[in-house]
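*Asks:* Below: sequence and its predicted model.
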Amino acid sequence: MSTQQIVGDVKKELRFGVRHVQTLLLFFNIVVISISRLNISVAVVAMTNAESTNPNFQEFDWTEQQKSYIISSFYWGYVVTQLPGGYLSRRFGAKIVMSISVFASSVCSLVTPFLVPWGCWQIFSLIRILQGLSQAALFPAIHEHIAKWSPPQERNMLGALAYSGVDCGMVLAMLVSGLIASSALGWPGISYISAGTGFVWCLLWHIFAANNPPTSRFITKAECEYIETSMKREKDFHERKIPVPWLAMFTSMPFLALLVVRCAETWGFSTAQSQIPSYFNGVLNMNIKSNAFFSALPYIARWIMSYIYLFFGNMAVARNWLCLTVVRKIANTMAMWLPALFMIGVGFFDDTNKSWAIALMTMNVGFNGGVTIGCVLSTIDVSPNHAGVVMGIVNTLTNVVSLLTPLVVGFIVTDAHIRSEWQIVFIIAACVFFVGNLIYLIYGTAEAQPWDAPDYLLGNNIKEVPKTARNDKLKRVDDSF
């Protein structure tokens with residue numbers, strides 16, 4: 001069957017295929033884990049200011065430094081198992097890795113209301129560390145899954161749709177968490193609902209997910225062949241164990257540029273994401289109900305903007321206006337340099353100019369949604385065959401940054417009501433944004449690197465390859481003549 005016939009069959013029979021089901025499952029996975037990860041910024045405010053939510057639940061007298069420990073502790077565990085997560089996804093498949101990760105994370109959410117009153121902020125930090133350990137393998141597994149299920153011509157769309165779950169999760173974490181804390185459920189309800197959604201997702205994932213197209217119970221032959229043929233994979237591709245070219249990877253400028261820009265983006269985004277509720281509460285004097293809505297507003301804008309970026313990016317590539325590398329760099333520049341300006345501006349407004357502060361913060365986070373089709377999906381571009389490992393390395397470093405930013409904020413901001421201290425925080429984040437994107441503009445690319453080829457090590461390190469493999473290689477060379 002020719003490629004054209006396969007594509008025609010898929011278009012006629014499978015306008016919504018199993019690959020789209022996998023994308024939806026990844027979308028909801030990211031929503032669930034984003035809620036459990038990010039609701040902490042609202043939960044901490046509710047737990048330390050019961051009068052602004054539900055006074056029937058216990059209130060905790062935690063200092064700003066102790067709250068920064070709680071917020072950052074998730075990343076103490078999250079950073080440890082990123083790289084092993086990429087390896088486990090390659091070794092055992094994304095399905096089992098993601099199932100265990102989300103289930104364990106949901107258990108941590110479930111026990112939080114029972115253990116925090118007993119162990120105070122120290123036990124809360126420990127639970128968050130364990131939750132970080134549980135979730136660490138997820139994004140390497142997600143990238144591995146996207147690489148195996150998305151044909152190259154659809155990867156930008158399917159990857160961006162899956163990653164829009166981050167924005168949806170943030171909206172729900174900020175908006176719904178505040179409403180839950182103000183309801184009869186109080187702040188414990190934030191943890192209970194987070195745990196429940198995680199368990200439901202695990203059930204759906206177990207039923208519908210598959211590590212790759214050939215192992216899916218629901219996929220048709222036409223769609224399976226379409227996906228596999230579009231990626232030019234041999235019949236035994238999914239069973240082969242391709243060695244990772246570590247030296248070539250870590251001496252590759254596009255890979256190093258990707259590390260730098262992702263760390264820079266994480267610094268600015270983490271600063272905004274984890275500190276918006278505290279800034280709105282401290283400087284703008286907003287109570288938890290209005291705080292929850294206005295804390296969620298920037299992420300509603302980001303969610304909408306991510307689809308706008310995707311629409312125009314796909315159109316530019318499909319109509320051959322721009323190559324994918326240029327589209328990624330334009331989107332990333334808009335997503336980092338514009339927010340850098342907005343972030344500096346936010347620090348110049350106090351509670352007498354709430355509308356301006358909220359507007360700038362909304363534009364800051366909203367325009368930042370372009371990083372999804374910018375530097376985030378470049379992780380798959382530079383190395384489709386090692387996507388999980390590359391993401392594990394990238395996420396290890398970016399989450400060191402996520403761990404550090406709340407601590408830096410806790411060191412600089414001694415009193416959440418002092419606007420001049422927040423100005424320092426925002427200026428630092430803006431400078432990091434600018435420098436990181438500049439390096440990506442110079443060295444970044446959306447092209448697969450030479451070291452990603454399955455036989456790269458065979459061709460460049462022939463002395464390290466077993467004799468039988470060398471003979472096979474020489475035979476192929478002879479045959480070509």
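*Replies:* Noted; the coordinates are in hand.
*Asks:* what about residue 191, helix or strand, and which?
*Replies:* Residue 191 is part of helix 186-208 when elements are defined by DSSP states H and E.
*Asks:* so how far is that helix off the chain centroid?
*Replies:* 19 Å (Cα atoms, centre = their mean, to the nearest Å).
*Asks:* What residues sit buried inside the following helix or strand past that helix?
*Replies:* Downstream of helix 186-208, the next assigned helix or strand under DSSP H and E is helix 221-230. Residues of helix 221-230 classed as buried under the neighbour-count rule (16 or more other Cβ atoms under 10 Å) are 222, 223, 224, 225, 226, 227, 228, 230. Quick note: C-beta positions are derived from backbone N, CA and C, even for glycine.
*Asks:* from what I can see the fifth one touches residue 151, true?
*Replies:* The reference is to residue 226. Yes. Between residue 226 and residue 151 there is a contact under Cβ atoms under 8 Å: 7.0 Å.
*Asks:* Let's test this: mean pLDDT of the top helix by length along the chain, rounded?
*Replies:* Longest helix in the chain by number of residues (criterion: DSSP state H): helix 94-135. What helix 94-135 shows for mean pLDDT is 90.
*Asks:* How about stretch 63-80?
*Replies:* Rounded mean pLDDT across stretch 63-80 is 80.
*Asks:* distance between the one helix or strand residue 400 maps to and the chain's centre?
*Replies:* In this structure, residue 400 sits in helix 387-412 according to DSSP H and E. Centroid separation between helix 387-412 and its chain, computed with Cα atoms, centre = their mean, is 12 Å.
*Asks:* Can you give me the buried ones in it?
*Replies:* Those would be 387-403, 405-406, 408-410, for helix 387-412 by 16+ other Cβ under 10 Å.
*Asks:* ok now do residue 155, which residues does it touch?
*Replies:* Listed by Cβ atoms under 8 Å, 6 or more residues apart in numbering, the contact set of residue 155 reads 146, 147, 377, 380.
*Asks:* and the nearest residue to residue 300 once chain neighbours are set aside, what element?
*Replies:* Leaving out its chain neighbours, the residue that sits closest to residue 300 by Cβ to Cβ, 6 or more residues apart in numbering is residue 171, at 5.3 Å. Assigned by DSSP H and E, residue 171 falls within helix 152-182.
*Asks:* for the closest residue to residue 162 other than its chain neighbours, helix, strand, or coil?
*Replies:* Counting by Cβ to Cβ, 6+ apart, the nearest residue to residue 162 once its immediate chain neighbours are dropped is residue 26, at 4.0 Å. At residue 26 the chain is in helix, as set by DSSP: H, G, I helix; E, B strand; the rest coil.
*Asks:* Quick check: residue 26 touching residue 160?
*Replies:* No. Using Cβ under 8 Å, residue 26 makes no contact with residue 160, being 11.3 Å away.
*Asks:* Tell me which of those two has more neighbours.
*Replies:* The residue with more neighbours, out of residue 26 and residue 160, is residue 26; 27 against 23, by other Cβ atoms under 10 Å.
*Asks:* Mind pulling up the pLDDT for the more buried one?
*Replies:* Predicted confidence (pLDDT) for residue 26: 94.
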